[in-house]
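**Student:** here you go, sequence then predicted model.
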Number of protein chains: 2
Amino acid sequence: MTVMFEKVALLGLGLIGSSIAHGMREQGLAKTIAGHAKSAETRRVALEIGLVDSVHEMPADAVAGADLVILCAPVGACGALAAAVSVQLKPGAILSDVGSVKGAIVRDCGPHVPPGVHFIPGHPIAGTEQSGPRAGFAELFHGRWCILTPVPGTDPAAVAKLTAFWEALGSMVDVMEVAHHDLVLAITSHLPHLIAYNTVATAADLETVTNSEVIKYSASGFRDFTRIAASDPTMWRDVFLNNKEAVLEMLGRFTEELAVLQRAVRWGDGETLFNLFTRAREVRRGIIAAGQDTAAPDFGRGRAKT
Amino acid sequence: MTVMFEKVALLGLGLIGSSIAHGMREQGLAKTIAGHAKSAETRRVALEIGLVDSVHEMPADAVAGADLVILCAPVGACGALAAAVSVQLKPGAILSDVGSVKGAIVRDCGPHVPPGVHFIPGHPIAGTEQSGPRAGFAELFHGRWCILTPVPGTDPAAVAKLTAFWEALGSMVDVMEVAHHDLVLAITSHLPHLIAYNTVATAADLETVTNSEVIKYSASGFRDFTRIAASDPTMWRDVFLNNKEAVLEMLGRFTEELAVLQRAVRWGDGETLFNLFTRAREVRRGIIAAGQDTAAPDFGRGRAKT
């Protein structure tokens, strides 16, 4: 329990913002936590459940005097937030964020960072399909990676401090170039979400199979797609609008591969199917070996029902 | 605890076969369970862990005198199994299966069913990504649907008996036409698996993002795809080879929808993205309301790590 920052400001109090708040409380990382949220209801809840010590309708009021400011809003809202708080940012403060696209954050926020403020974009690779100020929990970041993408010339001491902060929240930290981050996330996160949304939409639009049948028999595979397709629509709209090139690149490759599989199905080419399925299984084993998922069958869902 | 069958034969002792064995033991549904598996190692394990009372290298030996015979093998192997046991099937016995495609089962097994034997194809909508005789557990079927697809003219008393059997294992039972089953499963199960396999294969083949990066950052969405892409390759090859028309139909619709989403990403059409994402979220809510998944964030994975 070491206080790392006198005052931390969280701009946005959804799943990630509220989880950071819980984590900071648990570890005693901040003396004071100030919060801003666009919605009055979110601000009310945040105070009621003790996420923050104060809430502010105006982001600049939350930021005044803060040593660490974290933008926890959808990627498309971050530029305006940075502009709104710019004059209040304290010299020596660290400005960071949690957005899933880093190029757009640098593009939109960078111009509003005053000299003397350390701008270090960040991205905790953690989440659930839940949204809002009640969705957060301190353990969300435990054992998960957080990627920092400092622009060239950033003070190494500030990067080290933000690294220590995320480690105190339970994360492992990696430093990466902005463009590489956006490519890595396009394949590990953005493409899977787009495909999941698309699969669910395809199922919802059939005239030969009813929606209630889709729901009833979803345990056969479909439900795994719906979890990530239940994520916040605003956040995900902003991701796709702001990582267009990398997403289109991955989509192109996905479609190419799918054409090969489709052809194998059409022509009854069992060997191509079997070989590809076997290869995919190996990737799964790597993820479990790396501690990024559990090998418990069905994530324990099957047994949990008993 | 009511004995429903004097002798049950399970032809195949993988995840589903072994789960049925555990469930029958727990509920005392069979006096004797005989098992057949192609692999000597599976037969050895099945005896060792008490799944069955006897194991047989030849399927016909397992079936002799059985009141209920369930084919628990990949769809592509069922026709040969039915042919091999045909002469041993007892008049009045029920012959069923657990395959994910029912048209192919009727086509491949139907001709081998002697008069007086009740042939009732079945499909428990339950599974995990694990395979083999040690993967089974009695609770797998609890709260899950089992679909029976009796051909016209089947004795209703036999259908009622098989229904009671699956209910005793914890399932809810639906009766459906063969062709409709294959269409419903093409969208709820077969398409999601094909898409998941394809996503994992796309990620594994990138030259700009390493496999270790994909694995490391998989908690951002990708890992949810890998679970179902870890399912048994032989079983899934057989599914796609045997439900070609329905799968190609669903793939065509999927690709059509994906083109719309791709265009929205390319042209920055946030409204189309937002509306589709919002619609997908509703389907998720339906699945949770129907009890086919839990609303616990991240299926409790996030919290389970602590």
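**Tutor:** Good, I have the coordinates.

**Student:** do a quick rundown of the helices in the stretch 151-300 of chain A.
**Tutor:** A:156-168, A:178-185, A:191-204, A:211-216, A:222-228, A:233-242, A:244-266, A:270-289 (DSSP state H, counting those that start in this stretch).

**Student:** buried set for the last one?
**Tutor:** Pointing back at helix A:270-289 there. Across helix A:270-289, burial judged by 16 or more other CB atoms under 10 Å in any protein chain shown covers A:270, A:272-274, A:276-277, A:279-281, A:283-284, A:286-288. Heads up, the C-betas are built off the backbone N, CA and C, glycines and all.

**Student:** intersect these with the contacts of chain B.
**Tutor:** Filtering these for proximity to chain B by CB under 8 Å from any CB of the partner chain leaves A:270, A:273-274, A:276-277, A:279-281, A:283-284, A:286-287.

**Student:** would A:Lys7 count as being in a helix?
**Tutor:** No - looking at A:Lys7 with DSSP: H, G, I helix; E, B strand; the rest coil, it is strand, so not inside a helix.

**Student:** kindly state the beta-bridge partners for it.
**Tutor:** A:Lys7 has these beta-bridge partners by DSSP bridges: A:Thr32.

**Student:** burial check on it, number of neighbours?
**Tutor:** A:Lys7 is flanked by 21 other residues according to other CB atoms under 10 Å in any protein chain shown.

**Student:** re earlier: which two among the ones next to chain B among the buried residues of helix A:270-289 are spaced furthest apart?
**Tutor:** Pairwise distances across these peak at 26.4 Å for A:Gly270 and A:Ile287 (criterion: CB to CB).

**Student:** contact partners for A:Lys31?
**Tutor:** For A:Lys31, the contacting residues are A:3, A:5-7, by CB atoms under 8 Å, 6 or more residues apart in numbering or on different chains.

**Student:** quick check: the closest residue to chain B within the stretch 1-150 of chain A vs B:Val283, distance?
**Tutor:** Nearest residue of the stretch 1-150 of chain A to chain B (CB to the nearest CB) works out as A:Thr128 at 3.4 Å. For A:Thr128, the distance to B:Val283 equals 18 Å [CB to CB, to the nearest Å].

**Student:** tabulate the contacts of A:Lys31 (JSON lines), appending pLDDT and distance to B:Val173.
**Tutor:** Shown next, in JSON lines, are the contacts of A:Lys31 (pLDDT from 0 to 100; distance: CB to CB, whole Å):
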{"residue": "A:Val3", "pLDDT": "94", "distance to B:Val173": "60"}
{"residue": "A:Phe5", "pLDDT": "98", "distance to B:Val173": "59"}
{"residue": "A:Glu6", "pLDDT": "98", "distance to B:Val173": "63"}
{"residue": "A:Lys7", "pLDDT": "98", "distance to B:Val173": "61"}
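
**Student:** looking at these, spot the one nearest B:Val159.
**Tutor:** The closest of the contacts of A:Lys31, once distances to B:Val159 are taken by CB to CB, is A:Phe5, at 67.7 Å.

**Student:** look up how far A:Gly122 lies from that closest one.
**Tutor:** Distance, A:Phe5 to A:Gly122, using CB to CB: 15 Å.

**Student:** neighbour count: those two, which is higher?
**Tutor:** The residue with more neighbours, out of A:Phe5 and A:Gly122, is A:Gly122; 25 against 20, by other CB under 10 Å.

**Student:** next up, the contacts around that one.
**Tutor:** A:70, A:96-98, A:146-149, A:162, A:166.

**Student:** kindly identify which of those also come near chain B.
**Tutor:** Contacts with chain B within the contacts of A:Gly122, as defined by CB under 8 Å from any CB: A:Ile147.

**Student:** could you dump the contacts of A:Gly122 to a markdown table with pLDDT?
**Tutor:** Converted to a markdown table, the contacts of A:Gly122 look like this (pLDDT from 0 to 100):
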| residue | pLDDT |
| --- | --- |
| A:Ile70 | 98 |
| A:Ser96 | 98 |
| A:Asp97 | 98 |
| A:Val98 | 98 |
| A:Cys146 | 97 |
| A:Ile147 | 97 |
| A:Leu148 | 98 |
| A:Thr149 | 98 |
| A:Leu162 | 98 |
| A:Trp166 | 98 |
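
**Student:** compare the helices of the stretch 151-300 of chain A and say which comes out lowest on pLDDT.
**Tutor:** Among the helices of the stretch 151-300 of chain A, helix A:222-228 carries the lowest mean pLDDT, a mean of 83.

**Student:** can I get that one as CSV, trimmed to CA atoms?
**Tutor:** In CSV, the C-alpha atoms belonging to helix A:222-228 read as follows (Å, rounded to 0.1, in the frame of the first residue of the first chain):
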residue,chain,number,x,y,z
PHE,A,222,-23.3,-19.4,-31.1
ARG,A,223,-23.5,-18.1,-27.5
ASP,A,224,-19.7,-17.7,-27.4
PHE,A,225,-20.0,-15.2,-30.2
THR,A,226,-22.8,-13.3,-28.4
ARG,A,227,-20.7,-12.5,-25.4
ILE,A,228,-18.3,-10.3,-27.2
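
**Student:** hmm, it touching chain B?
**Tutor:** Yes - using CB under 8 Å from any CB, helix A:222-228 comes into contact with chain B via A:222-228.

**Student:** identify whichever of the helices of the stretch 151-300 of chain A lies nearest to A:Ala46.
**Tutor:** helix A:233-242 (18.0 Å).

**Student:** thank you kindly, that will do.
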